[in-house]
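In: Sequence and predicted structure, then a few things I'm wondering about:
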Amino acid sequence: MPADLSYRPKTGIVHLGLGAFFRAFGCVFIEDAMAASGGDWGIMGVSLRSPDTRDALRGQEWGYTSVTLAPEGEQTRWITVLNDVLVAREDPEAVLAAMAKPEVRIVTLTVTEKGYCHNPATGALNVDHPDIQHDLTHDVPVSAIGFLVRALQRRRAAGMAPFTVLTCDNLPENGRLVRGLVLDFGRRLDPALADWIKAEGKFPCTMVDRITPATTEADIARVAELTGRPDAAPVMHEPFAQWVIEDDFVGDARPDFAAAGVEMVRDVTAHEHMKLRMLNGTHSALAYTGYLAGHETIADTVGDPVFAAYVRRLWSEIIPAVQAPEGVSLTEYAEALFDRYANPGIRHRTWQIAMDGSQKLPQRILGSLAANLSAGRDCPALCLAVAAWMRYVGGMDEQGQEIDVRDPLAARLRDASESADTPEGKVAALLGMREVFPEELAEQLAQPVTAAAIHLWAKGARVAIQEGAL
Ligand code: CS2
């Protein structure tokens, strides 16, 4: 366990979207990089909306406990890399001012998939999104894209270099996607600004990986007992962490990531596809099917032999649609994922992973399906996952209990589901949602997803998997 930093670094990074994931992941790597090689890469955290994290950390000088949940027990470490936390809704001007400071060279982001205000099926900016509409017509933004572009505008006006935009969300080719959104928004504001960002800006792609279940009240009480130091907002995570970053920063200004174990590469696409399809894809599939079958966590789900077999079947369908990064065995990667899912120390709720499925399905599951179906390979296990998502977003579980569906499209998904009484009709209505299913794929999916849905509605997830001999 590296010691706390022996100096207080100045702020060199502004992070947008200060959730548990970045505090359990990026903050730890960046602290390690400075412990190894120095530098002023202290982090100013920004919550776009909620004051909760700021309020919790304020009384503890922005320090917090990172808790490693290993099967053999918990280890704790006090993290001090945050220098300040702002809440953008309360003080957007302070956020823009921080992003426009010359010593800030990197803006990192974890704003979740929906935070980019894009169309998940196409990757294009959703200009009808209310936050984007607002930001195009007001100087003071509310969206992450708005903050990036307005802050870059200030830097250009002041004759400064842009900051590097380092997105750490689970999106396909995440850096290129965000670059496209920033350029589209920028062009609508001022074409000359967009040209400058295009020429000078850097948006490296990243692959990020660490399972970080939401912290519970029970965790907070247990951590205080364990460390003897009360902490209102510890973060809980698995031992595993992998960060792969394209080494392409404005002026090469960055922490010594490699010294902290980050893999610095030229092209991260293969790593990213592998992780999104093999980890996040099976996570979502287990979340919907497991939730419907009454399993509370991923560990409980894969502890059920029916689902243990199901996840292996999923990997056998996904692997032909994934190109292995150099030196990586995909079967070994899958086995390691199984052990991570089964870690009894991690209580990662199926309900948490099931959130925002309309924003997650395209890159997690539909990409594998499209590649396989076009190559003439059947995918019954993946089709069952899509059917399970459709049943889930209908809002009623297999016991007839209401599901608390969290999704930016929740109301429309429910309307689509309720527009028909039969599984066939529900599948047809949901496949018609173009933000999720491109037309050609919807046509290819109609027959196999309908077959899976009929089975699923009749038998329930567990028996459907068992009887489908998946
Ligand atoms: C999960 C991810 O909540 C989810 O949708 O699939 O947060 C997952 O735990 C991480 O990507 C693991 O790196």
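Out: Cool, the structure landed.
In: what does the protein have sitting close to the ligand?
Out: N170, D209, R210, I211, L279, N280, H283, Q352, I353 (CB under 6 Å from any ligand atom). (Glycine included, C-beta is placed from N, CA and C.)
In: which of those sit farthest apart?
Out: D209 and Q352 (16.5 Å; CB to CB).
In: Pick out whichever of those two has more residues nearby.
Out: D209 (18 against 15; other CB atoms under 10 Å).
In: show me the contacts for that one.
Out: Residues near D209 by CB atoms under 8 Å, 6 or more residues apart in numbering: F240, A241, Q242, W243, K275, L279.
In: returning to what we had before: between the residues of the chain next to the ligand, which sits nearest A451?
Out: Of those, the one sitting nearest to A451 (CB to CB) turns out to be H283, at 24.0 Å.
In: List the residues that contact the closest one.
Out: I298, I353, R364.
In: picking that back up, now, of the contacts of D209, which are buried?
Out: A241, W243, K275, L279 (16 or more other CB atoms under 10 Å).
In: Quick check: the two most widely separated of those residues?
Out: W243 and L279 (13.9 Å).
In: As a check, name the ranges of all strands in the stretch 101-250 of the chain.
Out: 106-109, 164-167, 206-209, 235-237, 242-246 (DSSP state E, counting those that start in this stretch).
In: Kindly present the ones you listed as a markdown table, with separate columns for distance to E326.
Out: Below are these laid out as a markdown table (distance: least, CB to CB, whole Å):
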| stretch | distance to E326 |
| --- | --- |
| strand 106-109 | 26 |
| strand 164-167 | 23 |
| strand 206-209 | 14 |
| strand 235-237 | 27 |
| strand 242-246 | 12 |
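In: Dump those strands to CSV, plus distance to L431 and mean pLDDT.
Out: Listed next are the strands of the stretch 101-250 of the chain as CSV, based on distance: least, CB to CB, whole Å; pLDDT from 0 to 100:
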stretch, distance to L431, mean pLDDT
strand 106-109, 31, 99
strand 164-167, 29, 99
strand 206-209, 30, 98
strand 235-237, 36, 98
strand 242-246, 34, 98
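In: which residues touch I318?
Out: I318 neighbours (CB under 8 Å, 6+ apart): R277, M278, G281, T282, S368, L382.
In: and the fourth one, that's in a strand?
Out: Think T282. No: according to DSSP: H, G, I helix; E, B strand; the rest coil, the state of T282 is helix, so it is not within a strand.
In: Quick one: low-confidence residue ranges for the stretch 151-300 of the chain.
Out: Nowhere does the stretch 151-300 of the chain drop to pLDDT under 70.
In: which residues in it form helices?
Out: 174-189, 191-200, 217-227, 269-274, 281-292, 298-303 (DSSP state H, counting those that start in this stretch).
In: what's the neighbour count on the closest residue to E467 other than its chain neighbours?
Out: In space, and not counting its chain neighbours, E467 is closest to K459: 6.4 Å by CB to CB, 6 or more residues apart in numbering. Neighbourhood size, K459 [other CB under 10 Å]: 15.
In: wait, T301 sits on S284?
Out: No: using CB atoms under 8 Å, T301 is not in contact with S284, being 11.9 Å away.
In: Mind checking which of the two has more residues around it?
Out: More crowded of T301 and S284, by other CB under 10 Å: T301, with 26 against 23.
In: who are the neighbours in contact with that one?
Out: T301 makes contact with L286, T289, G290, A293, H295, F307, Y341, T350 under the criterion CB under 8 Å, 6+ apart.
In: and S66, what helix or strand is that in?
Out: If you go by DSSP states H and E, S66 is part of strand 64-70.
In: Packing partners of that strand?
Out: Here strand 64-70 touches helix 20-24, strand 73-79, helix 217-227, strand 235-237, going by 3 or more CB pairs under 8 Å, 6 or more residues apart in numbering; DSSP states H and E.
In: Give the buried residues for it.
Out: Under the neighbour-count rule (16+ other CB under 10 Å), strand 64-70 has Y64, T65, S66, V67, T68, L69 buried.
In: For stretch 456-470, list every residue counted as buried.
Out: L456, W457, G460, A461, R462, A464, I465, Q466, G468, L470.
In: Ok, stretch 319-327 next?
Out: I319, A321, V322, P325.
In: Equivalent analysis for stretch 251-262, please.
Out: A253, R254, P255, D256, F257, A260, V262.
In: And for that stretch, what's in contact with it?
Out: Against stretch 251-262 from outside (CB under 8 Å, 6+ apart): 12, 29-30, 32-34, 36-37, 39, 41, 105-106, 161, 164, 241, 243-245, 264.
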